[in-house]
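Visitor: mind folding the following:
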Amino acid sequence: MWPRIGDLRTLALGTPGQMRDRLNSLVLSGMKTATTGLLSEYATEGEELEHVGERLALVDDHDALIGVVEVTAVEVVRFADVTWDFARSEGEGHQDLDEWRTGHRNFWATEGSAVTDDTLVVCVRLRLESAGAGGTTTGNLGT
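Guide: Numbering: from 1, shown residues only. Here you go, the predicted model:
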């Protein structure tokens, strides 16, 4: 299960270190408004999919709160069916859909998951709700 901060599930983007710092910065700047995960990871981690309106605690490498995002859309699609509009919303600077696909395939391969065109992925759209919690790690964040 994902860690929780109060009643919120956490959102830990990418891998710890430079990658997570960069992705978190993109969310906090408003450039990253989407993220993609493997559907199989949800089952492995015993988690349900996010749902529209759900608030997630964006965390750093130490699971400290750095912001809150609201889920605005969730869709499960084949990897080959991810659109350029969605991929561009991830805000990571990919120049086209082929570059996005190559980058994501390579990332998941380093994590031990081979991705094919038929691999199911979860496409989540996000909206930054608040930022800068000063390292809060417990408690209910309220509304």
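Visitor: can you classify Ser130 by secondary structure?
Guide: strand (DSSP: H, G, I helix; E, B strand; the rest coil).
Visitor: my guess is it meets Leu65, correct?
Guide: No - using Cβ atoms under 8 Å, Ser130 is not in contact with Leu65; the gap is 9.6 Å. No exception for glycine: its C-beta is placed from N, CA and C like everyone else's.
Visitor: and the helices in this structure, which stretches?
Guide: Ranges of helices within the chain are 18-29, 39-44, 84-89, 97-110, based on DSSP state H.
Visitor: need the contact partners of the second one.
Guide: In this structure, residues lying in contact with helix 39-44 by Cβ atoms under 8 Å, 6 or more residues apart in numbering are Glu48, Leu49, Val76, Ser113, Thr119, Leu120, Val121, Val122.
Visitor: ok, and the closest non-adjacent residue to Leu11?
Guide: Leu56 (4.2 Å; Cβ to Cβ, 6 or more residues apart in numbering).
Visitor: just give the number of residues close to the one you found.
Guide: Residues near Leu56, counting by other Cβ atoms under 10 Å, number 21.
Visitor: what sits against it?
Guide: With the criterion set at Cβ under 8 Å, 6+ apart, Leu56 makes contact with Leu8, Arg9, Thr10, Leu11, Glu50, Val68, Val69, Glu70, Val71, Leu126.
Visitor: many thanks, have a good one.
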